[in-house]
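**Q** Here is my input; please provide its structure:
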Amino acid sequence: MLTWIQGEIVENKQWCTDLFSLKIKIDPLKFKAGQFAMVGLDIDDKLVHRPYSVINTPQDSLLEIHFNTFEKSYLTTELANLKSGDAIHVADRLNGLLTLDQVPDVPHLWLFATGTGIGPFISILNTAEPWQRFEKIILCYSVKTVKEMAYRADLEQLKSRYPDQFCFVPFVTREKSPDTINARITTYLESGELEKRVGLQLSPELTHIMLCGNSRMLEEATMQLENKGLRRHTRREPGHIATEKYY
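**A** Coordinates of the predicted model:
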């Protein structure tokens, strides 16, 4: 059973028409970078809740969630309308297995994200552990339009900070931009162009891949990676492909 604590909205940032981030003041929560939070509001005398990507690291003082609004989701509409000082409920425990303690010691860490699935990877990349553990970190981040590429400035800063260690590959599927790839991640992966661009091979001996985003990307990317000899990672059977799907 979930135990709820009350937080207070500090900031509501709107990236574009249906994309938002909320910063929340709340009692410190213990969690691992890469996990997600259960967040809720009182709507019509009922606590309505669902899981959301967490952007912040465990050391940050504010909890930050990243989400889309949906036409059929009253909760996301209400979240998008919150203002500084408004109350919000957060479960006292975060969940999810897309964390670095689940990743074996390999030289190359690949991260595939679509949309708000970037959340756990922002959290992970803003901690010290990945930069201490991996020789190369490759982030492939796909959105529909340039405006939807949230946190890009943060990722560019990481690229400047770790120029020889971090490879950031941005994808925009519905419009062309000179600094992005106009294709889906899975299309680029299947053709072999992704490995050519990065200059690294997705081999079982060298690679661990973390995937977070829409169901279609997760399914297609997993199948394509399995065709390359990689297998799904579970606690019982360590492998190379870890996925998170919570919406």
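
**Q** Let me know the secondary structure of Glu219.
**A** Following DSSP: H, G, I helix; E, B strand; the rest coil, we place Glu219 in the helix state.

**Q** neighbouring contacts of the lengthiest strand in the chain?
**A** Across the chain, the longest stretch assigned as strand under DSSP state E is strand 4-16. Outside strand 4-16, the residues that touch it by Cβ atoms under 8 Å, 6 or more residues apart in numbering are 20-27, 40, 47, 62-63, 80, 82-92, 145, 147-148, 150. Where you see a C-beta, it was placed from the backbone N, CA and C, and this is true even at glycine.

**Q** Which of those residues are buried, as a ChimeraX select command?
**A** A single ChimeraX command selects the buried members of the contacts of strand 4-16 (16 or more other Cβ atoms under 10 Å):
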select :20,21,22,23,24,26,40,63,80,82,86,88,89,90,91,148,150
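
**Q** Name the residues of the longest strand of the chain that are buried.
**A** Quick answer for strand 4-16 (16+ other Cβ under 10 Å): 7, 9-10, 12, 15.

**Q** Among the contacts of strand 4-16, which lie within helices?
**A** Among the contacts of strand 4-16, the ones falling in helices (DSSP state H) are Ala80.

**Q** can you redo the buried residues of strand 4-16 as CSV with distance to Gln165?
**A** Listed next are the buried residues of strand 4-16 as CSV, based on distance: Cβ to Cβ, whole Å:
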residue, distance to Gln165
Gly7, 35
Ile9, 36
Val10, 32
Asn12, 34
Trp15, 27
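
**Q** now those residues in CSV, with pLDDT and distance to His108?
**A** Shown next, in CSV, are these (pLDDT from 0 to 100; distance: Cβ to Cβ, whole Å):
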residue, pLDDT, distance to His108
Gly7, 98, 37
Ile9, 98, 39
Val10, 98, 37
Asn12, 98, 37
Trp15, 98, 30
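
**Q** helix, strand or coil for Lys176?
**A** Lys176 ends up coil, using three-state DSSP.

**Q** so how many other residues sit close to it?
**A** 9 (other Cβ atoms under 10 Å).

**Q** ok, it to Lys196 distance?
**A** Using Cβ to Cβ, to the nearest Å, we find Lys176 at a distance of 20 Å from Lys196.

**Q** doesn't His208 make contact with Leu202?
**A** No - using Cβ atoms under 8 Å, Leu202 makes no contact with His208, being 10.2 Å away.

**Q** about what we covered before: could you list the paired strands of the longest strand of the chain along with their orientation?
**A** Sheet pairing here is set by DSSP bridges, and for strand 4-16 it gives strand 19-25 (antiparallel), strand 87-91 (antiparallel).

**Q** Contacts for the first one next, please.
**A** Read that as strand 19-25. 7-15, 55, 61-69, 79-80, 82, 88, 90, 116, 147-148, 150.

**Q** re the thing from before, neighbour-wise, which of Leu202 and His208 wins?
**A** His208 (24 against 21).

**Q** Check what pLDDT that one gets.
**A** Note for His208: predicted pLDDT of 97.

**Q** and it, what are its bridge partners?
**A** Leu109.

**Q** Would you mind confirming that it is in contact with Arg231?
**A** No - His208 is beyond contact range of Arg231, at 11.3 Å (criterion: Cβ under 8 Å).

**Q** Next, show the common contact partners of those two.
**A** Here His208 and Arg231 have His240 as joint contacts, going by Cβ under 8 Å, 6+ apart.

**Q** ok, now which ones touch Leu155?
**A** 122, 125, 139, 141, 168.

**Q** In this protein, which residue sits furthest out from the middle?
**A** Within the chain, the residue lying farthest from the chain centre (Cα atoms, centre = their mean) is Asp45, at 31.6 Å.
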